[in-house]
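>>> Have a look; sequence and predicted model below, questions after that.
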Amino acid sequence: MTFVAYSPANMTEDFKILRFRRPSERWLNRALNLYLTSFPVEERRPWPLILNSKSPYGPFLKILLVDDGTGDRFAGLLTVWHFDDFNYIEHLAIAPELRGGGLGALVLESLKTLNDNF
């Protein structure tokens, strides 16, 4: 399922849409590289468990994509645990070339408004 949030006017980049997607082959290498370079070993879970978790709760990987009007562009990742009363974000990483422009704040604001289907 894709969720959409429009970027606020004060962002550095001119993104029109932010999408949260389940992993696909197209983006997995970028996501894995970002995961390995953004978090120290002691903060990582084994990548195969994130991709193929048997747990009904998680962690589940979500790929962040942005569209600046020219098509989807890899923007980052997050891992989420789903519990009965809340969702817990364990990892959030924005692609290095997109950091510092408010995209992480947009992700967090967008997550507040999403329903349990996230």
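In hand now; what should we look at? Please read all numbers here as calculations on a predicted model, not as lab measurements.

>>> for the protein, longest helix please?
Across the chain, the longest stretch assigned as helix under DSSP state H is helix 25-38.

>>> Show the residue spans covered by the helices in the chain.
Using DSSP H, the helices of the chain run over 25-38, 47-51, 103-113.

>>> For those, give me CSV that also has mean neighbour count and mean pLDDT.
The way it works is simple: take the backbone N, C-alpha and C, and place the C-beta from them, glycine included. What follows is the helices of the chain, written out as CSV (neighbours: other CB atoms under 10 Å; pLDDT from 0 to 100):
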stretch, mean neighbour count, mean pLDDT
helix 25-38, 15, 92
helix 47-51, 14, 86
helix 103-113, 16, 82
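
>>> can you tell which of the ones you listed is closest to His91?
Counting by CB to CB, His91 lies closest to helix 25-38 out of those; the figure is 7.0 Å.

>>> Just give me how far the closest one sits from the chain centre.
Averaging C-alpha positions (CA atoms, centre = their mean, to the nearest Å) puts helix 25-38 11 Å from its chain's average.

>>> hmm, who's touching that helix?
Outside of helix 25-38, the residues that reach it under the criterion CB atoms under 8 Å, 6 or more residues apart in numbering are 21, 23, 44, 47, 51, 61, 63, 65, 74, 76-77, 91, 93, 95.

>>> Great, nothing more from me.
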